[in-house]
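please find the sequence and the predicted model below.
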Amino acid sequence: MPSVFITGANRGLGLEFVRQYSADGWRVLAACRAPDKATTLNEIAATSDGKVTLHAVDVADRAGVQALAATIDEPIDILINNAGQMEAWDEGFGAIDYDKWDRILRTNLFGPAWVSHAFAPHVEKSERRLMVMMTSGLGSLADNRDGARNPAGKLYMYRSSKAGLNMLVSKLAADLKDRGIAVIAMGPGHVQTDMGGPTAKLQPAESITAVRKVLGSRTIDHTGRSYFYTGDEYPW
């Protein structure tokens with residue numbers, strides 16, 4: 001039975017990952033800060049015949065990530081660093097809350113680094129050996145077009161965290177290749193979630209179905225690359 005570890009599994013894209021992988025018979029390790037309060041996640045786990053287990057962790061807490069990794073003794077075929085945080089769309093130069101910026105960097109950048117480091121041995125022991133970082137076009141330096149949802153300025157906090165995540169993918173791919181672990185960035189598109197907003201063109205089920213199709217064919221030959229949910233490579 002293949003296995004997947006998902007952070008931020010209580011809502012949005014993370015919850016949809018859990019729903020789809022569990023429906024397909026995967027072993028799912030679903031992690032979030034407060035699983036006891038995640039009603040839908042608990043309902044999925046309760047009807048999974050033990051295939052879905054819930055794990056409490058805040059990815060912004062390095063010690064907590066390490067502690068969780070120490071309690072899990074099984075291979076992880078696909079590790080999905082999905083947990084993310086975003087503040088309001090209107091912060092800009094001169095109006096940045098640096099405490100919020102620190103929290104966003106800890107969740108969106110440091111967290112995936114800590115999770116990847118702590119769980120690399122679990123991924124290495126699996127058959128698939130794939131790490132996935134859920135990124136965003138808002139972090140792309142090459143695709144920084146003007147637009148209603150992607151303005152040329154502002155969004156310093158979120159943009160910088162995802163740009164850093166893209167660099168993390170590149171460097172982890174180089175360092176983990178000899179261990180047979182592939183590391184890729186994955187852009188889910190603009191999805192109707194709490195973060196994406198109600199005007200987004202994609203529903204979670206549509207996005208994650210497409211993302212999973214891409215992940216299903218990624219191997220060590222694709223390590224260090226960034227992909228859009230369509231399967232196209234995404235510019236860094």
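Done, it's in. Quick caveat: nothing in here was measured; it's all calculated off a predicted structure.

name the spans of this structure whose pLDDT lies under the cut-off.
When residues are selected by pLDDT under 70, those of the chain lie in 88-91, 143-153, 194-196.

for the helix ranked longest in it, buried residues please.
In the chain, with assignment by DSSP state H, the single longest helix is helix 156-176. Using 16 or more other C-beta atoms under 10 Å as the test for burial, helix 156-176 gives 156-166, 168-170, 172-173, 176. C-betas here are computed from N, CA, C, even on glycine.

which secondary structure elements does that helix sit against?
With contacts taken as 3 or more C-beta pairs under 8 Å, 6 or more residues apart in numbering; DSSP states H and E, helix 156-176 sits against helix 98-105, helix 111-124, strand 130-134, strand 182-187.

looking at those, which is closest to V4?
Nearest of the helices and strands packed on helix 156-176 to V4, taken as C-beta to C-beta: strand 130-134 at 9.3 Å.

any chance you could map the strands in this structure?
Under the criterion DSSP state E, strands of the chain are mapped to 3-7, 27-32, 52-56, 78-81, 130-134, 182-187, 226-228.

for D77, list the residues it contacts.
D77 sits next to P2, S3, V4, V123, S126, E127, R128, R129, L130 when contact means C-beta atoms under 8 Å, 6 or more residues apart in numbering.

and the residue nearest the centre of the chain, how close does it get to I96?
Nearest to the geometric centre of the chain sits N82, at 2.0 Å (C-alpha atoms, centre = their mean). N82 is 25 Å from I96, where distance means C-beta to C-beta, to the nearest Å.

the inter-axis angle of the longest helix of the chain versus strand 130-134?
170 degrees (axes from the mean of the first three to the mean of the last three C-alpha atoms, to 10 degrees).

closest one to T71 among the helices and strands packed on helix 156-176?
Across those, closest to T71 is helix 111-124 (C-beta to C-beta), at 11.0 Å.

tilt between the closest one and helix 156-176?
Angle between the axes of helix 111-124 and helix 156-176 is 30 degrees (criterion: the same axes, to 10 degrees).

tell me which other helices or strands helix 111-124 touches.
strand 3-7, helix 62-71, strand 78-81, strand 130-134, helix 156-176.

list the buried residues for it?
Buried residues in helix 111-124 (16+ other C-beta under 10 Å): G111, P112, A113, W114, V115, S116, A118, F119, A120, H122, V123.

many thanks, we can stop here.
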